[in-house]
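with the sequence up front, the predicted model follows.
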Amino acid sequence: MTAGSRGDVAPYTGLGHRLSRAGHEVTLVTHARFEPLVAGSGVRFHPLPVDPRAELESSRGRGLHRSGTGVGKLVRVVAMARALAGRMTDDLLAAARRSDMLLLSGSVGPLGHTIAEGLSLPCLDVPLQPLAPTREFGPPMLGVHSLGAAGNRVAGHGVGLAVELVFAGALPELRERLGLPRVRTTAAWRTRERRRRPVLHGFSPLVVPRPSDWRPGLTVTGYWWPYDGEAHLPPRLRDFLDAGPPPVYVGLGSATVPDPARLSAAVVRALRRAGLRGVIQRGWADLEASGDDMLTIDEVPHSALFPRMAAVVHHAGAGTTAAGLRAGVPAVPVPIQFDEGFWAGRLVSLGVAPRALPLRRLTADALGAALMRATRDPAFARRAAELGTRVRAEDGAGPVLEAVRRAGT
């Protein structure tokens, strides 16, 4: 069960495929628009009614761009998500009634935990980000690197409570339907903290080492790669790639931007100033470019495209960050909101990106300079290739399969 953007969904298609190959019957429960992601994977699908793109493009969603800080964006998204959480409850509950075990992303945790409690089902938390408070770094959802050891931990608890508030309006009715006693939001949060459930995190310890102050049971497994099937590229894209030197990929995934035309023009100017060809993925940001040296594409498997790039420019969402690391190519992260600033900082600290370039500060000159560093300094390509080899060797799904096996015995 998961909710959010494409990056909050795609890794679970690969995890579900591995579970299916191991003999389990798997259903992905998420937004209806993502049903094509499971085609051919052996994973069933149960749709949720909320359309995340429509919400981001609404006046309420566009308001996220008016907040210049991670805290401000978090306040806005909590308000937006509170209005949507109740609309997903019926379908989450219906899917759970046909299940023997629930695997929960961080985005539906409180709802999923309540449903599991009410139906007496085992559940396993499988988030894509480090959610537990730690002194070692700030909460990823705030997009900060560090607030100091004490500040990091306090802020981590604060973000955890904010997530509980997202579901505070939907949980009382759900608990009543399931015959569970009413509890206050803060009490429910403290109870979940004390239960010390096992949590398996779907990112690489090479990218975020397991914090030393995390409690036992919090495991970092390695990435869960999206199911891509045969991962073919369209003929027009293959012809473009074969017609010249490796281009640069530019795409912002499921992020929206205030002015797509202005941003597209800046991207094209930056690429041409750096003497680079570009593959521009339209995405939810509606980016577009034209010319013999530019090609605009729609959705294609990153696993097939990224290895043929000279570098990748992306929004540093968890899923796209993982895809770039897997491909072993340098990056220029353009974080927009939430955990993207956290992952962008990781790419820079790992030496596979010259700098992070937040969308608010992106200009053609700044992006062009970053691209020249990323593509002309061989150290970035060398470090990216070395890290890619190590990341690809990890079996992130293995610990999840073992945890599910133990739960069923």
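Cool, the structure landed.

how many residues are close by the closest residue to Met101 other than its chain neighbours?
Nearest residue to Met101, sequence neighbours excluded (C-beta to C-beta, 6 or more residues apart in numbering): Pro122, at 4.9 Å. The way it works is simple: take the backbone N, C-alpha and C, and place the C-beta from them, glycine included. Other residues lying near Pro122 total 16 when counted by other C-beta atoms under 10 Å.

mind listing what Pro122 touches?
Shown here is Pro122, whose contacts under the criterion C-beta atoms under 8 Å, 6 or more residues apart in numbering are 100-102, 116, 407.

now with 10 Å?
Pro122 makes contacts with 99-103, 116, 197, 403-404, 406-408, as judged by C-beta atoms under 10 Å, 6 or more residues apart in numbering.

state the distance from it to Thr114.
14 Å (C-beta to C-beta, to the nearest Å).

and what of Ala393?
Computed as C-beta to C-beta, the Ala393 to Thr114 distance reads 38 Å.

before we move on, what about Pro235?
Pro235 sits 49 Å away from Thr114, taking C-beta to C-beta as the criterion.

so which of those two has more stuff around it?
Thr114 (24 against 8).

got the contact list for the more buried one?
With contacts taken as C-beta under 10 Å, 6+ apart, Thr114 has the following neighbours: 89, 92-93, 167, 170-171, 174-175, 177-178, 180, 183, 188, 192.

that one: which element?
The secondary structure element spanning Thr114 is helix 109-119 (assigned by DSSP states H and E).

can you list the neighbours in contact with whichever helix or strand comes after that helix?
Note on helix 109-119: by DSSP H and E, the next helix or strand toward the C-terminus is strand 123-125. Identification of contacts with strand 123-125 by C-beta under 10 Å, 6+ apart yields 1, 96, 99, 101-106, 109, 112-113, 115-117, 131-132, 192, 197-201, 217-218, 400, 403-404, 406-407.

and Thr30, that's in a strand?
Yes: residue state for Thr30 (DSSP: H, G, I helix; E, B strand; the rest coil) corresponds to a strand.

how many other residues sit next to it?
30.

pLDDT below threshold where in the protein?
Applying pLDDT under 70 to the chain flags residues 55-84, 185-195, 409.

tell me where it has strands.
For the chain, the strands defined by DSSP state E cover 27-31, 44-48, 102-104, 123-125, 199-201, 218-220, 248-250, 278-281, 294-297, 311-314, 331-333.

can you add distance to Glu288 and give those back as JSON lines?
JSON lines is the format used below for these (distance: least, C-beta to C-beta, whole Å):
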{"stretch": "strand 27-31", "distance to Glu288": "25"}
{"stretch": "strand 44-48", "distance to Glu288": "30"}
{"stretch": "strand 102-104", "distance to Glu288": "37"}
{"stretch": "strand 123-125", "distance to Glu288": "39"}
{"stretch": "strand 199-201", "distance to Glu288": "36"}
{"stretch": "strand 218-220", "distance to Glu288": "38"}
{"stretch": "strand 248-250", "distance to Glu288": "11"}
{"stretch": "strand 278-281", "distance to Glu288": "7"}
{"stretch": "strand 294-297", "distance to Glu288": "5"}
{"stretch": "strand 311-314", "distance to Glu288": "15"}
{"stretch": "strand 331-333", "distance to Glu288": "19"}
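
of the ones you listed, which stretch is the most buried?
Here the criterion is mean neighbour count by mean count of other C-beta atoms under 10 Å, and of these the winner is strand 331-333, at a mean of 30.

that one pairs with which strands?
Looking at strand 331-333 with DSSP bridges, its paired strands and their directions are strand 311-314 (parallel).

roughly how far does the nearest residue to Ala96 once chain neighbours are set aside sit from Ala162?
Sequence neighbours aside, Ile115 is the residue nearest to Ala96 in space, at 4.8 Å (criterion: C-beta to C-beta, 6+ apart). Taking C-beta to C-beta as the measure, Ile115 falls 21 Å from Ala162.

pick out whichever of these two has more residues nearby.
Here Ile115 and Ala162 are compared on neighbour count by other C-beta under 10 Å; more neighbours surround Ile115, at 26 against 19.

list the contacts of that one.
The contact partners of Ile115, taken as C-beta under 10 Å, 6+ apart, are 1, 89, 92-93, 95-97, 99, 102, 104, 108, 121, 123, 174-175, 177-178.

tell me the contacts of Arg361?
Applying C-beta under 10 Å, 6+ apart to Arg361 gives the contacts 334, 367.

next: Thr375.
245-246, 248, 274-276, 309-311, 329-330, 332, 354, 381 are the contacts of Thr375 under C-beta under 10 Å, 6+ apart.

which among those count as buried?
Among the contacts of Thr375, those that count as buried by neighbour count (16 or more other C-beta atoms under 10 Å) are 246, 248, 274, 276, 309-311, 329-330, 332, 354, 381.

so can I have a markdown table of these showing distance to Glu299?
Conversion of these to a markdown table gives the following (distance: C-beta to C-beta, whole Å):
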| residue | distance to Glu299 |
| --- | --- |
| Pro246 | 21 |
| Val248 | 18 |
| Ala274 | 26 |
| Leu276 | 22 |
| Met309 | 16 |
| Ala310 | 21 |
| Ala311 | 20 |
| Val329 | 19 |
| Pro330 | 23 |
| Val332 | 21 |
| Pro354 | 28 |
| Ala381 | 26 |
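
widest-spaced pair of these?
Taking C-beta to C-beta as the measure, the buried ones among the contacts of Thr375 reach their widest spread between Pro246 and Pro354, a distance of 17.5 Å.
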